[in-house]
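Peer 1: From the sequence below, what's the structure:
(chains A and B)
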Amino acid sequence: MLAFAIRRSLQIVPTILAVVLLIFVLFSVIPGSIVSALSDEGRGAIDAQVAERMQKELGLNDPVHVRFASYVSKLATGDFGTSFRTREPVTSMLAKRAWPTLQLIFAAMLFAIVVGVPLGFIAALKPGGLIDMASMIGAVSGLSMPKFWLGLLLMYLFALTLGWLPSFGYGDGGLMYLILPAVTLGVSPMALLARTTRAAVLEIMTADFVRTARSKGMSELRVVKWHVMRNALVLILTTIGLQFGSLMGQAVVVEKLFSWPGIGSLLVDSVLQRDIPAVQGAILVAVLFFLIVNALVDLLYVVIDPRIKYS
Amino acid sequence: MPLRFNLVVGGTLFALAVFVGLFAPWLAHTDPVMDANLLNAEEPPSWTWWFGTDAQGRDIYSRVVHGARISLTVGIVSQLINTFIGVSLGLTAGYLGGWWDDFVNGLTNLMLAIPSLIFALAIMAVLGPGLTSLLIALGLTNWSFSCRIARASALSLKSQGYVQAAKVLGYGNLRIMVTQLLPNMLGPIIVIGTLGLGSAVLAEASLSFLGLGVRPPYPSWGSMLSEARDQITTAPWLSIFPGLAIFLTVLGLNLLGDGLRDILDPQSRSTRV
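Peer 2: Model (predicted):
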């Protein structure tokens, strides 16, 4: 298990290096992108001498491989560069915003699991029934709904009309501020979890070992608890893991809508201001989060399902 | 859900959105950009103003109708680019194999490691906001699923008898891929393309909402919602109708994709969620 954990963790490294290379190519090799971004927010033509001076200061005249090596060596020491706009180290900007983003993602996932998994179970236990139809229509709707629209509607109803919750902001970081953004972010993973759980349970219900358990006289509750739930868990966990990672991407819109001071809103603000070091840093952190979560899910498989063996 | 329900409801919703987009100039009551009149500002929905008016007195119904044109065009064009890239890479990788297959596989895994909206934001950061940047960003970031499908199909089809026969007849690789493999993998590609179109419409709306896509005063559903955000208390109808348009269009595409999968790719029915 330990050997597998180490091997799986090391598998992240080449992907991270490839992402670093891709981001480096995207922002550094495309001619003039950084210089034009620094000058007049990229809207106007700049003086050739100024451009030349900036190229030299930023080391853009060095050969590409030298620039890449210097970029990677800085990243390895946790140096993401300095923000073009605030002149603050990007690492400290990211550190300040990491906790609010994690809070939001975990709360959204908690909401998705607590609502989605039981909903899928109930739907699967009586397929074709009223609850099944209603929950599956709800699930398709949840997947099709733009988050920022849902967030606006929730904000209008629960904050501005009923006055139960604050409409936006982080406040003191308390639960009340977290509820609306977390529910908004959690709706589509909830819908997907409900569909996955239903499909997994329906498939397992017809498996031979479930029929055997029933024929031994095991009560339905025990069959569901000991056989169906445990076997459905692997597929449910896969969905949770994949959704966890993708929530980082989806959080961008929700954070911006609710003025949540996380990495997503930093990314959007940095893109709008063409603050390239901050954009690069935020993207790398988001990708790293996605990869780490996926590796953790792989490790959890082994714990949950002993039939899964990794060589 | 019944087999045909998805297809009928989804197809109707999507056809309605396409119809509205195609005939927008005839369906709209006023010009969506120019016909501003402060005397009509923030009128709630009524028989005169079906969806109400905004702070500049522009007719929201006309803007939603014209928004269909922009949102669907961006969605369809970007999804066509994605499908073209994905199918070209996947088909060649699966059929030719070797180092090219390894390279495409690595590239696809890399794309899957970066959330597509975040990658699109990165491209927008380089290119700057605007419609062309939006098309490029959305067209380059969501091809990995069609690539996987095309690769898997090519791998299973290339050992079929008719492909071997084509080889014996002296067909070149390109001719075999285009005339023998491609027509036989169209079903799953259409399904993935339809589902991807829904994601593309959502992504366009998200980026325009963030101020990076279609810029005001031109109406796309996302940019309309972005403008409406500050007036949610005084004029909630500004948010309701463009959002409803996105929701119904994406719902239609998702249902249509599910329905098409049942018909064109029945093998996946037992494993899908």
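Peer 1: where are the low-confidence patches of the stretch 201-311 of chain A?
Peer 2: Counting by pLDDT under 70, the stretch 201-311 of chain A shows low-confidence ranges at A:306-311.
Peer 1: Tell me which residue of it lies closest to chain B.
Peer 2: residue A:249 (2.7 Å; C-beta to the nearest C-beta). (C-beta placed from N, C-alpha, C; glycine too.)
Peer 1: to the chain's geometric centre, what's the distance from stretch A:16-31?
Peer 2: Distance of stretch A:16-31 from the chain centroid (C-alpha atoms, centre = their mean, to the nearest Å) equals 21 Å.
Peer 1: Wondering if it reaches chain B at all.
Peer 2: Yes. Against chain B, stretch A:16-31 shows contacts by C-beta under 8 Å from any C-beta of the partner chain at A:18, A:19, A:22, A:23, A:26, A:27, A:30.
Peer 1: coming back round to it: ok, the residue of the stretch 201-311 of chain A closest to chain B - contacts?
Peer 2: Applying C-beta atoms under 8 Å, 6 or more residues apart in numbering or on different chains, we find residue A:249 in contact with A:286, B:115, B:116, B:117, B:118.
Peer 1: Look up which helix or strand it falls in, please.
Peer 2: Here residue A:249, judged by DSSP states H and E, is contained in helix A:229-257.
Peer 1: moving C-terminal of that helix, what's the next helix or strand?
Peer 2: helix A:263-272.
Peer 1: if we can go back for a sec, from the contacts of residue A:249, which is closest to residue B:256?
Peer 2: residue B:116 (20.9 Å; C-beta to C-beta).
Peer 1: per-residue confidence at the nearest residue to the closest one once chain neighbours are set aside?
Peer 2: Computed as C-beta to C-beta, 6 or more residues apart in numbering or on different chains, the closest residue to residue B:116 that is not its neighbour in sequence is residue B:141, at 4.5 Å. We have a pLDDT of 88 for residue B:141.
Peer 1: Tell me how far residue B:141 lies from chain A.
Peer 2: Separation of residue B:141 from chain A (C-beta to the nearest C-beta, to the nearest Å): 10 Å.
Peer 1: contacting residues for whatever residue of the stretch 1-150 of chain A ends up closest to chain B?
Peer 2: Nearest residue of the stretch 1-150 of chain A to chain B, counting by C-beta to the nearest C-beta: residue A:149, 3.3 Å away. Residues near residue A:149 by C-beta under 8 Å, 6+ apart: B:225, B:239, B:242, B:243, B:246, B:247.
Peer 1: Apply 7 Å and report the result again.
Peer 2: Contact analysis of residue A:149 by C-beta atoms under 7 Å, 6 or more residues apart in numbering or on different chains lists B:225, B:239, B:243, B:246, B:247.
Peer 1: what's the worst-scoring helix or strand of chain B on mean pLDDT packed up against?
Peer 2: Within chain B, no helix or strand scores below helix B:116-127, which has a mean of 85 by mean pLDDT, DSSP states H and E. Judged by 3 or more C-beta pairs under 7 Å, 6 or more residues apart in numbering or on different chains; DSSP states H and E, helix B:116-127 is in contact with helix A:229-257, helix A:263-272, helix A:276-304, helix B:131-140, helix B:186-209.
Peer 1: redo that, cut-off 6 Å
Peer 2: helix A:229-257, helix A:263-272, helix A:276-304, helix B:131-140 (3 or more C-beta pairs under 6 Å, 6 or more residues apart in numbering or on different chains; DSSP states H and E).
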